[in-house]
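In: how would this look folded up:
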Amino acid sequence: INDSDQVAQAKGTFTALKDSDILDYPGKKDGQVVGEVIQEDEVKRLATVNGIWSQIYYKKRMEKSIGYIPTSVLENTAAEEKTEESKVAK
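Out: Model prediction:
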């Protein structure tokens with residue numbers, strides 16, 4: 001992750017809305033596919049990168065590893081971010 005990337009703690013468990021590759025780096029051109037989430041999977045999120053990518057735990061040969069998926073794949077994330085923005089606006 002670059003210093004210019006905005007990394008925000010964003011813990012929570014979400015359901016995947018669709019199948020998605022898990023990348024080892026938050027970016028399609030630099031990331032390698034290291035796994036996948038399947039629609040309806042429970043996904044444990046640790047943080048977001050630039051609001052676009054979500055840093056998640058995934059199992060790799062029974063070990064917990066960290067990977068990245070697009071935030072748009074996760075349910076409820078948009079609603080959550082909107083509530084935070086409206087609080088700031090007041």
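In: pLDDT weak spots in the chain?
Out: For the chain, applying pLDDT under 70 flags the ranges 77-90.
In: how about the strands of it, start to end?
Out: Ranges of strands within the chain are 7-15, 20-23, 33-37, 42-49, 53-60, 63-70, based on DSSP state E.
In: could I get the shortest one in CSV with only the CA atoms?
Out: It stands for strand 20-23. Output in CSV follows, covering the C-alpha atoms of strand 20-23 (Å, rounded to 0.1, in the frame of the first residue of the first chain):
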residue,chain,number,x,y,z
SER,A,20,-15.2,-11.7,-6.6
ASP,A,21,-11.5,-12.4,-6.8
ILE,A,22,-9.4,-11.6,-3.8
LEU,A,23,-6.2,-9.8,-4.6
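In: And it, what does it pack against?
Out: With contacts defined as 3 or more Cβ pairs under 8 Å, 6 or more residues apart in numbering; DSSP states H and E, the packing partners of strand 20-23 are strand 33-37, strand 63-70. All C-beta spots, glycine's among them, are computed from the backbone N, C-alpha and C.
In: Now do the contacts for the residue sitting nearest the centre point of the chain.
Out: Geometric centre of the chain, nearest residue: S54, 1.7 Å, by Cα atoms, centre = their mean. S54 makes contacts with 10, 43, 45, 47-48, 68-71, 73-74, 77, as judged by Cβ atoms under 8 Å, 6 or more residues apart in numbering.
In: Done for today, thanks.
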